[in-house]
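Peer 1: no sequence on this one, just coordinates:
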């Protein structure tokens, strides 16, 4: 267990700076809209959805209906449906922490888990502690942001781009660790094509569907070739 915890902590450290910075931005934004420390803390603990938390600030500040909240949440977080499908083989055997591991599966945690060589590690402990450490970084950032919002005037212009930068760093790390770059190249091409065809407001869902379909086809083709 000790080795798995140490490895999870080491791998989580590259995620920590981004989560702390983004969390601070969220906490400050919450404070600027009139919400206190408790609100920031509870959203970080129970929602823990990164970009959706930022959107959620506006939904809380304005009287949004339940249907609007549902549709907005579905649109912003639809990618997690596909992440979940990709993690079925890894998570199905988990027993002690399965519910929490599923809840805490963020973009960055997903990326680390997918590229991790689990040789010599306890899968259950590694997944749980990686998810827990990342979650704690996010909570810490959100709480710090709420506190700083009372003290310092902070310009939040462009803070949302930090999430994109963090994800790019993880993609680059995976690119360097893996020799097979075809899925990344094809996914990038599909994303550009969908963005050009559907526009920035509607491209995400068809893009994710096409990428998943491409991965399934690629897996089938490679399976046939190896037989």
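Peer 2: Cool, the structure landed. Given the structure is predicted, the values throughout are model-derived calculations rather than measurements.
Peer 1: Next secondary structure after the helix or strand bottoming out on mean pLDDT in the chain?
Peer 2: Of the helices and strands making up the chain, the lowest-confidence element is helix 161-177, at a mean of 68, by mean pLDDT, DSSP states H and E. Per DSSP states H and E, helix 161-177 leads on to helix 182-198 as the next helix or strand towards the C-terminus.
Peer 1: Pull out the buried positions in that following helix.
Peer 2: For helix 182-198, burial by neighbour count (16 or more other Cβ atoms under 10 Å) applies to 186, 187, 190, 191, 194. (Glycine included, C-beta is placed from N, CA and C.)
Peer 1: cool, and stretch 73-85?
Peer 2: Across stretch 73-85, burial judged by 16+ other Cβ under 10 Å covers 73, 76, 79, 80, 82, 83.
Peer 1: Relative to residue 101, how far out is the fifth one?
Peer 2: Read that as residue 82. Residue 82 sits 17 Å away from residue 101, going by Cβ to Cβ, to the nearest Å.
Peer 1: before we move on, what about the last one?
Peer 2: As judged by Cβ to Cβ, residue 83 and residue 101 stand 12 Å apart.
Peer 1: Which strands and helices lie in contact with the longest helix seen in the chain?
Peer 2: Among all segments of the chain classified by DSSP state H, the helix with the greatest residue count is helix 123-151. Helices and strands touching helix 123-151, as assessed by 3 or more Cβ pairs under 8 Å, 6 or more residues apart in numbering; DSSP states H and E, comprise helix 2-12, helix 16-32, helix 37-46, helix 88-91, helix 98-103, helix 107-115.
Peer 1: between those, which has the poorest average model confidence?
Peer 2: For those, the stretch scoring lowest in mean pLDDT is helix 88-91; its value is a mean of 80.
Peer 1: Break this structure into its domains for me.
Peer 2: 2-176, 179-227 (automatic domain parsing).
Peer 1: Could you identify which of those domains is most buried?
Peer 2: Mean neighbour count (mean count of other Cβ atoms under 10 Å) peaks for domain 2-176 among the domains of the chain, with a mean of 16.
Peer 1: What separation do you get for the spatially most central residue of the chain and residue 57?
Peer 2: When Cα atoms, centre = their mean is applied to the chain, the residue found nearest the centroid is residue 107 (2.4 Å). As defined by Cβ to Cβ, residue 107 lies at a distance of 19 Å from residue 57.
Peer 1: next one: residue 1
Peer 2: Distance from residue 1 to residue 57, by Cβ to Cβ: 38 Å.
Peer 1: any idea which element the residue nearest to residue 78 when sequence neighbours are not counted lies in?
Peer 2: Ranked by Cβ to Cβ, 6 or more residues apart in numbering and with sequence neighbours excluded, the top spatial neighbour of residue 78 is residue 205, at 5.6 Å. Here residue 205 sits within helix 204-226, counting by DSSP H and E.
Peer 1: and that helix, what does it pack onto?
Peer 2: Counting contacts by 3+ Cβ pairs under 8 Å, 6+ apart, helix 204-226 packs against helix 79-86, helix 182-198.
Peer 1: Give me the residues contacting that helix.
Peer 2: Counting contacts by Cβ atoms under 8 Å, 6 or more residues apart in numbering, the residues outside helix 204-226 that touch it are 75, 78-79, 81-82, 85-86, 182-183, 186-187, 190-191, 194-195, 198.
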